[in-house]
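Novice: Any chance you can model this:
(one chain, ligands or ions: 1)
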Amino acid sequence: MGTAISVSDLRKSYGDIKAVDGISLEVFEGEIFGILGPNGAGKTTTLEMIETLREPDAGEITVLGMDTRSDARAIKGIIGVQLQSTVFIDELTVRETIDFFASFYDRSLPVDSLIARAELGEKAGSRVNTLSGGQSKRLSIALALVNDPSIVFLDEPTTGLDPQARRSIWEMIESLRGQGKTVIVTTHYIEEAEYLCDRVAVMDRGKIIALGTPDRLIDEHVPYSVITFRLDPPLDPELVGGIHGVKSVAAENGSYRVTTPVPQETLIGIVAAAHEHGVKAEDINMKRASLEDVFLKITGRRIRD
Ligand code: ATP
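Specialist: Below is the predicted model:
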């Protein structure tokens, strides 16, 4: 896999605020690369500097080998950008809106193929102000594709959408990867980063605090699962602590929360212990650690606090 984007020691301040504070990263061709972080982490500023829309204070950025400082024009021709909020012209239809955007480029994809990609066939003749939230987002992604870019930037493409609309956006993004495009997406949704992204840079206060595949980040930083359950009547927490794999136990009024690196074995141990002592095990719930736990472990805060 070649390198699509290379960023080295990138910095940008606004007055005293270090919005981007010395980040380095590499995005590979054909992957969906996520930048996950809370509001104000510096995701948009990072994206806009790579897109050549904002000038860095310091650092190097290359996009398919081209330098953002000297080759901005050429870079603009091969990237597609969806901004955090796209303002449409209310009076135009979906088709007219795409046509209008296409007119800015020397070369553009056929309007019908873009309408199809956004699954807006039924809405092609409707005014844009009649679109649902999800449809509007799909249109704004279609607009980022008019010049058939090889790298697509999506800034929080599903913010504010319900789960179903979010899924349809995820499908659209996955199909971009299927066409061999490189996608960079920012998000503050854990599930989105875990489900969609091949690799994720976790960003906080202008810095990248972790970078890798979601699985590796979780294994590296929080290599255990949490099992919660109730025992009726309760058993001594010390006895629960002796169950295979259990690393920690919190117990209150017959409710237990244990952590374990070997959840399956521990689960069997819990059921066996309950059986052996003639008590009932109920409400058993097993949860693998998430990128939220990774963020919490490193920063001591939650992503959406
Ligand atoms: P969000 O999800 O809210 O967009 P973000 O992670 O994208 O957050 P940025 O928008 O990059 O973060 O903002 C990083 C920091 O820089 C924030 O503290 C923000 O207030 C500040 N900032 C961003 N743009 C400007 C600007 N034009 N002028 C002054 N401060 C700015």
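Novice: Quickly list what the closest residue in space to residue 212 that isn't next to it in sequence is bridged to.
Specialist: Spatial nearest neighbour of residue 212, chain neighbours left out: residue 199 (6.2 Å); criterion: Cβ to Cβ, 6 or more residues apart in numbering. C-betas here are computed from N, CA, C, even on glycine. Beta-bridge pairing for residue 199 (DSSP bridges): residue 33.
Novice: tell me the contacts of residue 199?
Specialist: Residues near residue 199 by Cβ atoms under 8 Å, 6 or more residues apart in numbering: 28, 31, 33-34, 211-213.
Novice: In strands only, show me those residues.
Specialist: Secondary structure from DSSP state E places 28, 33-34, 211-212 of the contacts of residue 199 in strands.
Novice: Narrow those residues to those that are buried.
Specialist: 33-34, 211-212 (16 or more other Cβ atoms under 10 Å).
Novice: Among those, which one sits closest to residue 284?
Specialist: Checking these against residue 284 by Cβ to Cβ gives residue 212 as the nearest, at 30.8 Å.
Novice: C-alpha coordinates for the biggest helix by length in the chain, CSV please?
Specialist: Looking across the chain with DSSP state H, the single longest helix is helix 163-178. Provided in CSV are the C-alpha atoms of helix 163-178 (Å, rounded to 0.1, in the frame of the first residue of the first chain):
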residue,chain,number,x,y,z
PRO,A,163,-28.7,5.4,13.7
GLN,A,164,-30.5,4.4,10.4
ALA,A,165,-29.4,7.5,8.5
ARG,A,166,-25.9,7.0,10.0
ARG,A,167,-25.8,3.4,8.6
SER,A,168,-26.6,4.6,5.1
ILE,A,169,-23.8,7.1,5.2
TRP,A,170,-21.4,4.4,6.4
GLU,A,171,-22.4,2.2,3.4
MET,A,172,-21.7,5.1,1.1
ILE,A,173,-18.3,5.6,2.7
GLU,A,174,-17.5,1.9,2.5
SER,A,175,-18.4,1.9,-1.1
LEU,A,176,-15.8,4.7,-1.7
ARG,A,177,-13.2,2.4,-0.2
GLY,A,178,-14.5,-0.4,-2.5
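Novice: I am finished for the moment; much appreciated.
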